[in-house]
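K.L.:
Give me a 3D structure for the following:
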Amino acid sequence: MYLYNKMIKYSRNKDLYKLKNNREDNFSDRLSIFLLHFSFFLKNYKNEENKKILQEIYDLNFRQLELSIREIGYGDQSINKKMKDYLNLFHSMVSEIHFWDDFDKEKKSKKISFFLNDFTNIDNLVDYFDKFDDSLSKKTLNSYLKSVSNP
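P.N.:
Model prediction:
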């Protein structure tokens, strides 16, 4: 649960929303930012050794996401559709950032702007996610699981 809350905290970073096109952030924006953070997290720690724990983290995150959607007030039928949409979005993100380290800044900008098309100054977002990715790469998975990390 610590890791989920940490990802939520990242997604609430007010500086990220200063880069939006003249409108307030909404659940969809925050969710996209959350899913991008989680995608980078999985990119950094995905290996055979971590497979089981990452699956548990994945399951927990999407269970919590479903609970959040229910709290917003969506009905059971629309929750299934929303969850399917969010899962597809997430898997698309994971696929698109898999080779993040090999991309130049222009390609990274295209990837980020595809998922965050309401945001301006995509270069700042690329810089942010480059730093986030770098921070993840310098820490162990256990540092996140034992709640001692503070990137």
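K.L.:
Now do the lowest-mean-pLDDT helix or strand in the chain: distance to the chain's middle.
P.N.:
The least trusted helix or strand in the chain, going by mean pLDDT, DSSP states H and E, turns out to be helix 14-17, with a mean of 82. Per Cα atoms, centre = their mean, to the nearest Å, the displacement of helix 14-17 from the mean C-alpha position of its chain is 14 Å.
K.L.:
change the start of the numbering to 8 and stick with it
P.N.:
Sure, I'll start numbering at 8, so the last one becomes helix 21-24.
K.L.:
Next, the buried residues of it.
P.N.:
Buried residues in helix 21-24, counted by 16 or more other Cβ atoms under 10 Å: 23-24. C-beta: built from backbone N, CA, C; applies to glycine.
K.L.:
Check stretch 128-136 too.
P.N.:
Buried residues in stretch 128-136 (16+ other Cβ under 10 Å): 129, 132-133, 135-136.
K.L.:
just curious, which of those is nearest to residue 120?
P.N.:
residue 129 (4.7 Å; Cβ to Cβ).
K.L.:
Other residues contacting the helix or strand where residue 113 lies?
P.N.:
Assigned by DSSP states H and E, residue 113 belongs to helix 112-122. If you take Cβ atoms under 8 Å, 6 or more residues apart in numbering as the criterion, helix 112-122 is touched by 39, 42-43, 96, 99-100, 103-104, 107, 110, 126, 129-130, 132-133, 136-137.
K.L.:
so what secondary structure elements neighbour the least confident helix or strand of the chain?
P.N.:
helix 129-144 (3 or more Cβ pairs under 8 Å, 6 or more residues apart in numbering; DSSP states H and E).
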